[in-house]
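1. Need a 3D model of the following:
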Amino acid sequence: MTANCIDLFSGCGGLSLGLGSAGFKTRFAVEAHDDAFATYEKNLLHRHPERHDWPSWLERRAWRAEELFSEHKTELKALRGSVDLIAGGPPCQGFTTNGLRRPDDPRSRMVDVYLNFVREVRPCLVLLENVQGFRSMPHGTGGTYEDYVRGQLVEAGYDVWSDVLRAMDWGVPQRRPRFVLIAAKAGALTGIDPFLRLRVARQKFLQVRNLGPGPTSAQDAISDLETNGDEMPLDEEWGHLGFKRLQRKASSSSSFQKLMRVESHDQPTDLRLPRHRQPAIQRMKDILSTCERGVCLRRDDRERLGIGKRSTTPLDPNAPAPTISTLPDDFVHYGAPRSMTVREHARLQSFPDWFSFQGPYTSGGKQRRNASPRFTQVGNAVPPLLAEAIGEVMLGLLPIIRDNDVSHFSEGVNMLCKGLPQNGEIHDGDIVATL
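-> Residues are numbered from 1 along each chain as shown. From the prediction side, this is the model:
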C-alpha cells in the first residue's frame, strides 16, 4: 500500500531511511542544521528520490521547524486528510539524564512546535522518539513531558500509547533504550496495542534479515573494518593533513555486516582514523587491560589512571555497545588503543555502508552547542533498523484506520438515509433535520 509521512527534526535521516525501507514515502523533512540536512539531501533526496515527494511550495534547504510552521501554515493546513504519519524526535539534549536537564533549555520547547504540526496537519498516526529522560523530565504545567504530550494529543483527538524500546532487541548492535510514543486518531485502533504488535513481529523481522536470536555484538558489527599497521592508506578526504583510514575487508564475517554492505560495492566513507599522541595511546592500553568492558569507567579506575573524563567506556567485543553519543572519544575500541571512527559509530547505529556523512568531523568551543558535525549526526540519529521495524508495524495499522474511517462514514450515511422521507421529493430541510 502507499503511505506517506513528514519527518520533523530529521537530523541526518535515520528515521526517514528506516521508514522508507518499511514502505513510507516522505513528503518532506524538517532539519535546522545545514550539515545534517546536507547529509539527508545527499543520501535520501538524491539517492532515493522515489521515496520522497517534496512539495513545490517548500524550498529544499535546512529549515528551523518553528520558522517553517510560521511561514507555511496555510500550506500545512491544506495537507489535512492526506498525511498518514508525522514522525520525529524533538531535540533531546534538554531531557537526557547525561546532561544538565535545564528546565529553560530552549531545545525543550521544540516539543510544542512538534505538537503544532500535529494539530495543523492532523495525520492518521503520530510517532515521537526521544531519550528515556522524556518520561521523568518535569514539565512546567505539572507532571512530566510524557504526561504533557499525552494530554495534548488526547485533547487534539488521538489515542496514545508509549513505551521504552531497546534498539538491541531489533538487531541494532547497541543497547540504546529509547522512549517511543505512538498516537492514532481516537477510536481508530480500538482493542489494538501497537507495541504488542511490534513485539510480536520482532522475531520475523530479525529472521528475514538473518539476525538474532541473540543480540548483535560490537564485534559482529565492525570486525571487518580493520587496521593494517603502517600499510594503512591515507584518507581520501583528509589524507592531505596526514590522516589515515581503516579498510573494509573483502568479505563480511557476520550477517549484520552482510546487511550493512547491501548496495555498497566500494570502500565506504568516514573511515578516518584519529591521530593519538603516545600518552593517550598508553592510557587507552591501560584501560583495555585493566578495566571492565562495556561499562563506563568507575571512579576508582579514573582516579587510578588519572582520567578526568567521566564518560569513557572500553567496548566489549561480545556484547552490544552502550548508547552511542555525539563525541568521538567516549568509546575505546575493543581491540586497539584508539577511539572510534565515524563509520564505526554509524555501523553501531545500523546505518548502511553506502550512507555517507557531510560536514566537519567534530566541533568545539562555543560552536559545539549549535553545530552538527558528523559524530553528532550519527549519535543523534534514530537507528534505521529500529525505525524500519516500527515503520512496518505502523504501515500495517493504516489499513485498519482507513477501514474504520470508511465504516464510520457508511454508518453516517445510513443514519442520514433513515432520517429522509421514503417516497417523494427530498427537500433541503429534510437533510438539515437529519444532521
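2. Just list what whichever strand or helix holds F117 packs against, helices and strands only.
-> If you go by DSSP states H and E, F117 is part of helix 110-121. Applying 3 or more Cβ pairs under 8 Å, 6 or more residues apart in numbering; DSSP states H and E, we find helix 110-121 packed against strand 3-8, helix 65-71, helix 73-77, strand 85-88, helix 145-155. The way it works is simple: take the backbone N, C-alpha and C, and place the C-beta from them, glycine included.
3. Now tabulate those in JSON lines and tack on mean neighbour count, mean pLDDT and distance to L241.
-> Formatted as JSON lines, these follow (neighbours: other Cβ atoms under 10 Å; pLDDT from 0 to 100; distance: least, Cβ to Cβ, whole Å):
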{"stretch": "strand 3-8", "mean neighbour count": "24", "mean pLDDT": "98", "distance to L241": "35"}
{"stretch": "helix 65-71", "mean neighbour count": "16", "mean pLDDT": "97", "distance to L241": "36"}
{"stretch": "helix 73-77", "mean neighbour count": "14", "mean pLDDT": "97", "distance to L241": "45"}
{"stretch": "strand 85-88", "mean neighbour count": "27", "mean pLDDT": "98", "distance to L241": "36"}
{"stretch": "helix 145-155", "mean neighbour count": "18", "mean pLDDT": "97", "distance to L241": "43"}
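4. got CSV for these, with distance to L398 too?
-> Compiled in CSV, these are given as follows (distance: least, Cβ to Cβ, whole Å):
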stretch, distance to L398
strand 3-8, 6
helix 65-71, 24
helix 73-77, 21
strand 85-88, 8
helix 145-155, 18
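5. so which of these comes closest to D266?
-> Judged by Cβ to Cβ, the one of the helices and strands packed on helix 110-121 that comes nearest to D266 is strand 3-8, at 28.1 Å.
6. what angle do whatever helix or strand comes next after the closest one and strand 3-8 make?
-> The helix or strand immediately downstream of strand 3-8 is helix 14-22, counting by DSSP H and E. If you take axes from the mean of the first three to the mean of the last three Cα atoms, to 10 degrees, helix 14-22 sits at 170 degrees to strand 3-8.
7. contacting residues around the nearest residue to L79 once chain neighbours are set aside?
-> Nearest residue to L79, sequence neighbours excluded (Cβ to Cβ, 6 or more residues apart in numbering): V121, at 5.1 Å. Contacts were defined as Cβ atoms under 8 Å, 6 or more residues apart in numbering; by that measure V121 touches I6, L76, K77, L79, R80, V83, I86.
8. how much space between V121 and L196?
-> According to Cβ to Cβ, to the nearest Å, V121 stands 27 Å off from L196.
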